[in-house]
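>>> Quick one, fold the following:
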Amino acid sequence: MDTGITRAQGNSDKKADYTINQPALYKDTEDYFKAFSADIPSKTTIEKGHGRIEKREYQLLTDLSWLEQKNEWNGLNALGCARSTIAENGEICEFTRYFITSLTNLETFADSVRKHWSIENQLHWCLDVVFREDASRARKDNSPLNLNILRKTALNLVSQAQYKRISKKRLMFRAALEPTLFLDILFDPSSVSPQK
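Purely as a prediction, here's the structure:
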């Protein structure tokens with residue numbers, strides 16, 4: 001069960017759509033998709049690259065007449081399922097994730113789920129390369145969460161700063177050596193320019 005996705009594409013009060021993993025409905029959704037999977041429209045994609053083959057199957061169920069909790073979520077129009085089968089180095093891994101969504105188009109739903117993971121992967125890569133987050137030894141109490149928040153804040157500030165054409169890692173090193181640059185990044189990153 002993947003309960004980590006809590007991404008909303010927008011605010012339903014502003015007529016925007018959302019795709020959210022909802023742990024409270026996980027078992028009901030899983031049972032329904034297992035029982036009626038053959039009757040639910042699906043889309044399948046296959047990608048090859050980096051020594052692996054990944055097959056993704058997306059399904060979107062828009063008939064929610066059976067769902068008692070339907071009115072508990074504003075704008076809920078469908079339940080979605082995303083199954084991934086990854087073949088790499090002779091091993092096969094399978095993942096299934098379930099979502100609640102305001103979307104009613106299967107293509108749009110598949111795109112929404114796919115983009116979420118793309119964004120997550122890019123952010124994680126940046127945090128690992130720039131801050132070596134995967135090598136962090138912080139494990140006690142709330143320290144992993146606190147450091148993650150600080151790293152994301154710092155990454156956001158450094159990303160906003162436009163200082164010559166140097167990498168984020170190098171800009172952070174330079175800011176450690178130049179207090180005025182550090183303060184500019186910290187308090188007004190948009191003011192950091194190549195002339196400084």
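>>> Domains of the protein: list them as residue ranges, please.
Listed domain ranges for the chain are 12-105, 136-191 (source: automatic domain parsing).
>>> So which of the ones you listed is the most surrounded?
domain 12-105 (a mean of 15; mean count of other C-beta atoms under 10 Å). Just so you know, the C-beta spots here come from the backbone N, C-alpha and C atoms, and that holds for glycine as well.
>>> average pLDDT for it?
Here domain 12-105 scores 86 as its mean pLDDT.
>>> Distance from that domain to the middle of the chain?
Its chain's C-alpha centre and that of domain 12-105 lie 15 Å apart, by C-alpha atoms, centre = their mean, to the nearest Å.
>>> quick one: the helices in the chain?
Secondary structure of the chain (DSSP state H): helices at 26-36, 106-131, 143-160, 168-177, 179-187.
>>> what packs against the last one?
Put plainly, it is helix 179-187. For helix 179-187, the packing partners by 3 or more C-beta pairs under 8 Å, 6 or more residues apart in numbering; DSSP states H and E come out as helix 143-160, helix 168-177.
>>> the inter-axis angle of the last one versus helix 143-160?
Helix 168-177 runs at 90 degrees relative to helix 143-160, counting by axes from the mean of the first three to the mean of the last three C-alpha atoms, to 10 degrees.
>>> Which strands or helices does helix 168-177 pack on?
helix 106-131, helix 143-160, helix 179-187.
>>> Rebuild those helices as TSV, extending it with distance to Phe33.
Output for the helices and strands packed on helix 168-177, formatted as TSV (distance: least, C-beta to C-beta, whole Å):
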stretch	distance to Phe33
helix 106-131	14
helix 143-160	32
helix 179-187	47
